[in-house]
Structure formats: structure tokens, C-alpha cells
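In: quick one: sequence and predicted model below, then my questions.
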Amino acid sequence: MTHDDKHGKNDDTGDERRNAQNGGDPSAKGAQVPPGKWSDGGDASAKGAQVPPGKWSGAGDAFAKGAQVPPGKWSESSQGGSGEQVNRTDTTSPNDNESENAGVRPPLDHERVVKALREQGWNDIAIVESTGSTNTDLHAAASTLPDLSVLIAEEQVSGRGRLGRAWSAPRHSQVTLSVLLRPEVPPTKLGLLPLLTGVAVADTVRSYGIDARVKWPNDILVRGDKMCGILAEAVSMSDNPTVVVGFGLNIDLTKAELPIDNATSFALEGKHVDRTEVTIAVLGSLLERQRQWRNAGGSASSFIDDYKAVSATLNESVSAGLPNGGKLTGTAVDISDAGELLIRDARGQIHTVAAGDITHLRYS
């Protein structure tokens, strides 16, 4: 068995026609934290603070009701090994609006997943049938788990996205998972993990012939529609920080099943894929990306060029809803080495945005 992820997949494009802007105090518990700001007087150990590029917060809540894996009891464990190449396969459907598998979706091949992830180098691996939130579960079990632990859920019933937004999806319709990482990098570099994860997920989706792009900081979009959302949270900010990163990737959701209009899935893009294969592929991509990042001492140099190459935000006219309630409109011109978005306003002035809801104006 494995665990379940917590981030909102389809609820958080930030476009005004889809979501209202969310204000609030960024230093409050549970608030999203900007990149690069680690000593602004806020409570760095605040429980549950959400991290797009940014500062990290603290320990998880009690183990989510309904989860199938108690903290510290993982049915599958593995030790590191060498990675393997995953062959991607898909069947292009003449009907890109409906999934042929809706209603008869198969479960993951648990044995195949565990074997492949063990060979890639993941450590503890668990799969659960249903849980509230995979991120919450990993928070609760963190003290008993090693670096590179994985929790996968067949169904997540209380998923959480950025800014506390909720999401849900039918059982077996998504790749829903969280990973626990203990990277030995400077704490100021941890805010890059969501961007790094975005590149890893985009790499996987693009390998199936879908033009996936990353909306800053880490939503995966296809032609402006959301296919995946990512949420990173800190468990601890000690000398050896622990981070949980969760995401949900839409596999065969139909139009009728989408929680919002501006979402999509592999099936809706005409690709009917093996969910087990996608699970293995995306975790292999993430493991390799985070290894390169660690080997570079947490530097963005290991992935930032690749991130910019698949960015859906750069060179777009955007509106940024800022944590202080303000709004900034201009053109997204660059992403800093700290993962911040640089926006040029109508007067030519460059503004650095560390956190905020970004609206792509051409989709609003």
C-alpha cells in the first residue's frame, strides 16, 4: 500500500475568470510563503504553511482519518538502486472528450510500481486505497521515515491545494502521491523544490506527446487548462530540514468529471495511458531532477533553463494578486535564480514577485 497527496490539482489556475484572488497575511499559519524570504520575522515553524517558491513551515497534523497506512507502518520498503528507463505507451483516441475507461478504471499494479521505484532508488514505498491527504499522512509519519519515502493513493478524499483550496476526483482517475525529502542543501534553496517538481512532471507529460507547460510557479497546463497541481510543505526547518511534496496528475477524467471547466487530462488530450506506467515515469523523472539539484548544492542552475524552456508564464501579459491584497499587471520577463517571477510594468519598471496568484490575461 502507499499514501495519498494533498495538493489541489484542478482548482488553482489563478485566472480571474476561474478563481477569485485570495488575500491575507503571508506570515499567518497556513499561508503561502514567498521564495527567498527566510528571516522576515514570521514563524518559520508555523504548521502547514504552503510553499510555492518560498519559506517553509512546520510539523504535520494528526494522521488523516480514513488513511490506510498508520504512521510508521509501511507495507512496502525498499533500498536504493539504479534507475531504469521507462517505455511510454499510449493509445490515441478518436474521441478526445471522453475516457473509454471511465467507470471501469483499473487500480495501479502495486507490485510493478514498488519493484520499479525500488530500482530507481526510492526508499520506503507505500500505496493506500483511500486517504484524506497524502501530504498530511507523510507529515504525521515523518519522524519514522527516511529520505526518499513515497506515498501513493488510489483515491484522495480531502486533497488540499495552494491557499487551502480543496479538490477531489474519482478513484483511479489520477496519479496522486506525495514524497518525503530530506535534502542536504541550504534552507534558502528549499523554495526551488516546487519549480523543480514542475519541470519533472512536465518532462513526463511531454514524453507522451502533449505540449505541457509550467505556469509559475508549478501548475502544469496544456493550452491554458490545468492537468496537474503541486504543493510543497515543510515538516521541519531544523539543520536537516524535511519537506513533503505532493501532486495530482489527471489521467482519464472526462469533461463531466472535471471539478472546474479549465482543467484537462491525458484522456481529454487524446492520450489513453497506463496509469501505472505514468506513476513510475513521473517518480523517476522527479528522482533524477532532485538528485541533480542536490548535487549542485541546491542551485537553480541544475534545472532553471529547462524550467524557462517550458514556462507558460514567461513573455505573457499577467496580473499578479499579491499577498498584501494589491495587484500588479505587466509582462512576465524572467525567473530569478531564487525562483521569483520578474514582471515589467507599463512604465518599464521590473518588479520581483515571490508569491501570489498569477493570472494569464489572454485566458481571462
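Out: Right, received. Where do you want to start?
In: low-confidence ranges, this protein, go.
Out: Scanning the chain with the threshold set as pLDDT under 70 gives 1-103, 158-168, 364.
In: may I ask you to name the longest helix in it?
Out: helix 275-295 (DSSP state H).
In: can you pull the alpha-carbon coordinates of it into CSV?
Out: Extracted C-alpha coordinates of helix 275-295, given in CSV (Å, rounded to 0.1, in the frame of the first residue of the first chain):
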residue,chain,number,x,y,z
ARG,A,275,-1.6,4.9,-15.0
THR,A,276,0.9,2.5,-13.6
GLU,A,277,3.4,3.5,-16.2
VAL,A,278,2.8,7.2,-15.7
THR,A,279,3.3,6.8,-12.0
ILE,A,280,6.6,5.1,-12.5
ALA,A,281,7.8,7.6,-15.1
VAL,A,282,6.9,10.7,-13.2
LEU,A,283,8.6,9.5,-10.0
GLY,A,284,11.7,8.5,-12.0
SER,A,285,11.8,12.0,-13.5
LEU,A,286,11.4,13.6,-10.1
LEU,A,287,14.1,11.5,-8.5
GLU,A,288,16.6,12.3,-11.2
ARG,A,289,15.8,16.1,-11.1
GLN,A,290,16.1,16.3,-7.4
ARG,A,291,19.4,14.3,-7.4
GLN,A,292,20.9,16.8,-9.9
TRP,A,293,19.6,19.7,-7.7
ARG,A,294,21.2,18.2,-4.6
ASN,A,295,24.5,17.5,-6.4
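In: which secondary structure elements does it contact?
Out: Other elements packing on helix 275-295 under the criterion 3 or more Cβ pairs under 8 Å, 6 or more residues apart in numbering; DSSP states H and E are helix 110-120, strand 174-181, helix 193-206. Where you see a C-beta, it was placed from the backbone N, CA and C, and this is true even at glycine.
In: in it, what counts as buried?
Out: 275-287, 289-290, 293-294 (16 or more other Cβ atoms under 10 Å).
In: re the thing from before, of the helices and strands packed on helix 275-295, which is nearest N135?
Out: strand 174-181 (4.9 Å; Cβ to Cβ).
In: quick one: the helices in the stretch 201-350 of the chain, in order.
Out: 275-295, 304-309 (DSSP state H, counting those that start in this stretch).
In: could I get those as a markdown table with distance to L193?
Out: Formatted as a markdown table, the helices of the stretch 201-350 of the chain follow (distance: least, Cβ to Cβ, whole Å):
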| stretch | distance to L193 |
| --- | --- |
| helix 275-295 | 8 |
| helix 304-309 | 12 |
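In: and of those helices, who's closest to L341?
Out: Going by Cβ to Cβ, the one of the helices of the stretch 201-350 of the chain nearest L341 is helix 304-309, 11.3 Å.
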